[in-house]
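A.B. asks: compute the structure for the input listed below.
(4 chains)
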Number of protein chains: 2
Amino acid sequence: MSQSLDRALTVLAALAEGRRTLDELAATVGVHKTTVLRLLRTLETHRFVHRDDIRHYRLGTALFDLANRALDDRDVRRCAEPALRALNERTGHTVHLASYEGGEVVYIDKYESTHQVRMYSRVGKRAPLHCTAVAKVLVAAFESSRRREIAESVQYTAMTENTITTPEAYLAELAAVADRGWALDDSEHEDFIHCVAAPIRGARGEVLAAASVSVPKVLLDHDGLLALVPDLLTATEQASHACGWARG
Amino acid sequence: MSQSLDRALTVLAALAEGRRTLDELAATVGVHKTTVLRLLRTLETHRFVHRDDIRHYRLGTALFDLANRALDDRDVRRCAEPALRALNERTGHTVHLASYEGGEVVYIDKYESTHQVRMYSRVGKRAPLHCTAVAKVLVAAFESSRRREIAESVQYTAMTENTITTPEAYLAELAAVADRGWALDDSEHEDFIHCVAAPIRGARGEVLAAASVSVPKVLLDHDGLLALVPDLLTATEQASHACGWARG
DNA sequence: CCCGATGTTGCGTGGCGTGCAACGACAAGT
DNA sequence: ACTTGTCGTTGCACGCCACGCAACATCGGG
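C.D. replies: Numbers count the residues shown, from 1 in each chain, chains lettered A, B, ... in the order given. Purely as a prediction, here's the structure:
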């Protein structure tokens, strides 16, 4: 563990919240401001931070560059794009693409709703495992031993009345998801939003990612949401083909 | 300048090219592999890198998170979104949003073309100052002394036959752009693509960002491109209003 | 079974990152 | 205008910690 690097990354995390001054940063990281200054200088030469004001620092453009270049490398993202974009245009609702990596589910793409009501999410954000449709789809793709392992380690924070709060209920849900081929988030994450999600498969049939449609309950009731499932499955199958999946 | 941090950032830059092994990284950075290992460990605990394979490292999810959170903070991006999205849907062509920061022009948003022919670009990518329409718009927004200063420091790399290659020609072009309120890239960056761009203004009339429409020449000839200008200006004016611009 | 390549660990050295204190720059208050 | 306070910046000396080395672990291929 490199101390200075560790501190620099903490600085970046602090800057993610918004622009900060030198000793605001020094305070949050808990080191002398001189130290932060030097770290910032190095970060600045690499364009990781940028000072717009004489005394305010901000995240720099190198971050955008790196992140989006890395995202660009993901084949799923590129291959699934036309299908998901079409789904988004057809339904008008928010479409997410998420993948499982390193024990967490992360959004790797997003297509905004055309409606006024927007949901809060962001590419790069991590999705809770127990109360999102995409996570259910992705975890349900594992064999049962792995599922059980994950189910044990999840923090079952109750986000709404409907949130699943026990490993047993979660495992049962996963089995159901695996069985029917798509997942439902019945306002388990946020009270006013419900979602459906389905897997996108690669050449060997493995699950590469999950796509979801999220819709505010004021726009569509439960049955209305379920009516989107065929549309969703059409899109994910189309995306799966684009990713090399052979079987229809 | 912090040595270890400097090396760590170089490692990240190397990883941006794609997944790498430990001593590939050690070689490119030019240090002992032990050193790289320890840097990677620190980076890994902060989710900046992720090892998908036992011997391959990749950029991690924290980068996406940071970058997109930072992008989210940009008011322009959010405010301009509906107008640009509409422009993109109306024309079917690639729409870019770019802003000037720290001496460089960087793409902060992108709306993909619906046509088969796509252009290569990416959010976070830096746009050359002398041969892109967005850069012309942004630089033309400065007062003449600043323009001259910038014009002197630009590297006039000739990308195509039409690329502007002298400070004098560049300054003349900037004056024309400032005068008519929009800019043209007549295949000055890439042979087969031409673009038009216009500024998006904030509450005090200052230029916040530039929006552009890029279209392959096989789809639209010069006159066809110019015919898009009214559409573009409608969109940028709409976006400007959303950003607080009062005057129509 | 050996051998090469690559990731990992222990360890001693000294470079370098650290905190301190003093200084500079700027703004606000009196 | 002087003072006062705040914040960024610089010089410096100490000692920690990051470094490279070498040995070990692990895995695959011949």
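
A.B. asks: who are the contact partners of the closest residue to A:Glu104 other than its chain neighbours?
C.D. replies: Sequence neighbours aside, A:Arg126 is the residue nearest to A:Glu104 in space, at 5.1 Å (criterion: Cβ to Cβ, 6 or more residues apart in numbering or on different chains). Every C-beta, even on glycine, is put in place using the N, C-alpha and C of the backbone. Contact partners of A:Arg126, counting by Cβ atoms under 8 Å, 6 or more residues apart in numbering or on different chains, are A:Glu104, A:Val105, A:Val106, A:Tyr107, B:Thr61, B:Asp65.

A.B. asks: before we move on, what about A:Ala86?
C.D. replies: A:Ala235, A:Gln238.

A.B. asks: now do it against A:Tyr156, distance only.
C.D. replies: 36 Å (Cβ to Cβ, to the nearest Å).

A.B. asks: got the domain ranges for chain A?
C.D. replies: In terms of domains, chain A is parsed into A:3-65, A:74-242 (source: automatic domain parsing).

A.B. asks: and the longest one, average pLDDT?
C.D. replies: What that stands for is domain A:74-242. Domain A:74-242 shows a mean pLDDT of 93.

A.B. asks: out of the domains of chain A, nearest to DNA strand D?
C.D. replies: Evaluated over the domains of chain A, closeness to DNA strand D peaks at domain A:3-65, with 2.7 Å, by Cβ to the nearest atom of the strand.

A.B. asks: ok, that closest one near DNA strand C or not?
C.D. replies: Yes: judged by Cβ under 7 Å from any atom of the strand, domain A:3-65 comes into contact with DNA strand C at A:Gln3, A:Ser4, A:Arg7, A:Val31, A:His32, A:Thr34, A:Thr35, A:Arg38, A:Leu39.

A.B. asks: make a markdown table from the contacts of A:Arg126 and add secondary structure to it.
C.D. replies: Shown next, in a markdown table, are the contacts of A:Arg126 (DSSP: H, G, I helix; E, B strand; the rest coil):
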| residue | secondary structure |
| --- | --- |
| A:Glu104 | strand |
| A:Val105 | strand |
| A:Val106 | strand |
| A:Tyr107 | strand |
| B:Thr61 | helix |
| B:Asp65 | helix |
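
A.B. asks: restricted to buried residues, select those in ChimeraX.
C.D. replies: Typed into ChimeraX, the line below selects the buried ones among these, using 16 or more other Cβ atoms under 10 Å in any protein chain shown:
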select /A:105,106,107 /B:61,65
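
A.B. asks: pick out the most distant pair among the contacts of A:Arg126.
C.D. replies: The most widely separated members of these, counting by Cβ to Cβ, are A:Val105 and B:Asp65 (12.8 Å).

A.B. asks: enumerate the residues of chain A near DNA strand C.
C.D. replies: A:Gln3, A:Ser4, A:Arg7, A:Val31, A:His32, A:Thr34, A:Thr35, A:Arg38, A:Leu39.

A.B. asks: give the contact list for the residue nearest the centre of chain A.
C.D. replies: By Cα atoms, centre = their mean, chain A has its centre lying nearest to A:Tyr107, at 2.1 Å. For A:Tyr107, the contact set (Cβ under 8 Å, 6+ apart) comprises A:His96, A:Leu97, A:Ala98, A:Ser121, A:Arg122, A:Val123, A:Gly124, A:Lys125, A:Arg126, A:Ala127, A:Val134.

A.B. asks: kindly recompute the last result at 7 Å.
C.D. replies: A:Tyr107 sits next to A:His96, A:Ala98, A:Ser121, A:Arg122, A:Val123, A:Gly124, A:Lys125, A:Ala127 when contact means Cβ atoms under 7 Å, 6 or more residues apart in numbering or on different chains.

A.B. asks: okay, and the fifth one sits in which element?
C.D. replies: This points to A:Val123. Secondary structure assignment for A:Val123, by DSSP states H and E: no helix or strand.

A.B. asks: how much space separates the residue lying closest to it once chain neighbours are set aside from B:Asp6?
C.D. replies: Spatially, and ignoring its direct neighbours in sequence, A:Val123 is nearest to B:Asn68 (4.6 Å; Cβ to Cβ, 6+ apart). As defined by Cβ to Cβ, B:Asn68 lies at a distance of 25 Å from B:Asp6.

A.B. asks: still on that earlier bit, of the domains of chain A, which is nearest B:Thr163?
C.D. replies: Closest among the domains of chain A, once you apply Cβ to Cβ, is domain A:3-65, at 23.1 Å.

A.B. asks: how long is the closest one from one end to the other?
C.D. replies: End-to-end span of domain A:3-65 (Cα to Cα, to the nearest Å): 26 Å.
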